[in-house]
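*Asks:* prediction below, plus the sequence it came from.
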Number of protein chains: 2
Amino acid sequence: MTSDQSEHTLSDTEENIMEATHTALLKHGYADLSIARIGDELDGSKSSIYHYYESKDDLLITLLEFTVNKFESALDAERSQNPAETLKQLIAKLLVPDPPEDDYQFQTVLVGFRSQAVTNSRIRAQFTRVDERLADTIREILERGIAENVFEAVNASEVTEYILATINGGIYTRVTTDRVDAVTATHSMLVSYIDSELIQDAV
Amino acid sequence: MTSDQSEHTLSDTEENIMEATHTALLKHGYADLSIARIGDELDGSKSSIYHYYESKDDLLITLLEFTVNKFESALDAERSQNPAETLKQLIAKLLVPDPPEDDYQFQTVLVGFRSQAVTNSRIRAQFTRVDERLADTIREILERGIAENVFEAVNASEVTEYILATINGGIYTRVTTDRVDAVTATHSMLVSYIDSELIQDAV
């Protein structure tokens, strides 16, 4: 299994396993997830899972990659838009004060999985990679906006990390505290930041 | 045990237990922490611990409170300063790209403990409370700066949540990924934000 080291396109079978893993996670949570339970979501077949994945961690590492792929494809469909709108949509998708139940559940699973990055180097490498990919996406939007004279000529790399840290902090707050209003305020401040600091003033 | 519901001053014995808990956590990590191991840091006496605390979670919930108290006392000693300097010091204490080993270890413990807030309502209530206290501190500094005409008349509550989410996201990034440069960039952007957006321009 090298899914955490190299990007590869998933086969239909692998995609079905990923959808089943996602469904099983929402039903049972991370602690009670088992390959048997993922098999239950695949007409009871565990053998195809074992063909591709050795462990629960393998499955979750690939699921993270799969989820980022889906997120980026959805965003790609909107790339023709104004960069400011694309950036606001990215933020609105990730930092949601009142997310649908399934999205919220999935975020809670990710927080549990991510906490293991502290001691597990494979999980740490995968979250490093996920954040790198999100940072690349944000940086590309910023650089396009700067090139198109939509955004001020800011330091795109620094602004990227700032936006990503704020999004990650907001999601973390949403999932680990009852401070929903804090998430609403953080989202609204990020949008204000784009409007007042990033977007060039009309001449 | 109602330490998570009401603020109370810790006795000397309780403070000793907290210091021992902190030491034992750094030695053994959260998963391997036990009341016996905390007792080892207290000349082997477990009985005083059981007098005050029923469980490991009780101890950690109180340790969190104790840590925030210490943090706020240290900051209080600097409150006479310019509000902009106080705010920068708060950020510099919390969001450290290259923290001392003990502080880093303690942050890793907190990430593990905080991930349980997803399913444990007592732990969730305590992290809600910790973030509320930090938010109150930031808001007070902002309000003082606005009153003293050091800061622009911003929406202090919204700016508070934005700063706190960015700090939390930065700490989370530091502990769960290898993206140290991202933390440096986030810290530097927060300082720029204070300088260019919060501090009033000299007239």
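*Replies:* Thanks, I have it.

*Asks:* could you pull out the strands for chain A?
*Replies:* In chain A, no segments count as strands under DSSP state E.

*Asks:* pull out the buried residues from stretch A:29-48.
*Replies:* A:30, A:33, A:35, A:37, A:38, A:39, A:40, A:41, A:42, A:48 (16 or more other Cβ atoms under 10 Å in any protein chain shown). Every C-beta, even on glycine, is put in place using the N, C-alpha and C of the backbone.

*Asks:* ok, now which ones touch the first one?
*Replies:* If you count contacts by Cβ atoms under 8 Å, 6 or more residues apart in numbering or on different chains, residue A:30 has them with A:60, A:109, A:112, A:113.

*Asks:* what's the distance between whatever residue of chain A ends up closest to chain B and residue A:70?
*Replies:* Of the residues in chain A, the one nearest chain B is residue A:169, at a distance of 2.8 Å by Cβ to the nearest Cβ. Per Cβ to Cβ, to the nearest Å, residue A:169 is found 23 Å from residue A:70.

*Asks:* how many neighbours does the closest residue to the residue of chain A closest to chain B other than its chain neighbours have?
*Replies:* Distances taken as Cβ to Cβ, 6 or more residues apart in numbering or on different chains put residue B:169 closest to residue A:169, at 2.8 Å, once the chain neighbours are dropped. Counted by other Cβ atoms under 10 Å in any protein chain shown, the residues lying close to residue B:169 total 28.

*Asks:* need the longest helix for chain A.
*Replies:* helix A:121-147 (DSSP state H).

*Asks:* sorry, back to before: my guess is the residue nearest to residue A:169 contacts residue B:186, does it?
*Replies:* Yes: using Cβ atoms under 8 Å, residue B:169 makes contact with residue B:186 at a distance of 7.3 Å.

*Asks:* shared neighbours, the two?
*Replies:* What both residue B:169 and residue B:186 touch, as defined by Cβ under 8 Å, 6+ apart, is the set residue A:165.

*Asks:* would you map the helices across chain A?
*Replies:* Using DSSP H, helices in chain A cover A:12-28, A:35-40, A:47-52, A:56-76, A:83-94, A:101-115, A:121-147, A:156-176, A:180-193.

*Asks:* one step back: ok, which of the contacts of residue A:30 also contact chain B?
*Replies:* For chain B, the contacts drawn from those by Cβ under 8 Å from any Cβ of the partner chain are residue A:112.

*Asks:* spatially, which two of the contacts of residue A:30 are the most separated?
*Replies:* A:60 and A:112 (9.9 Å; Cβ to Cβ).

*Asks:* neighbour count for these two, which is higher?
*Replies:* Remark: of residue A:60 and residue A:112, residue A:60 carries more neighbours, 22 against 19, as counted by other Cβ under 10 Å.

*Asks:* and for the residue nearest to that one when sequence neighbours are not counted, the neighbour number?
*Replies:* In space, and not counting its chain neighbours, residue A:60 is closest to residue A:113: 5.7 Å by Cβ to Cβ, 6+ apart. Counted with other Cβ under 10 Å, the neighbours of residue A:113 add up to 23.

*Asks:* show me what the helix or strand bottoming out on mean pLDDT in chain A packs onto, helices and strands only.
*Replies:* When each helix and strand of chain A is scored by mean pLDDT, DSSP states H and E, helix A:47-52 comes last, with a mean of 88. Contacts defined by 3 or more Cβ pairs under 8 Å, 6 or more residues apart in numbering or on different chains; DSSP states H and E place helix A:47-52 against helix A:12-28, helix A:35-40.

*Asks:* thinking again about what came up before, tell me the most buried of the helices of chain A?
*Replies:* Using mean count of other Cβ atoms under 10 Å in any protein chain shown, the stretch among the helices of chain A with the largest mean neighbour count is helix A:156-176, at a mean of 25.
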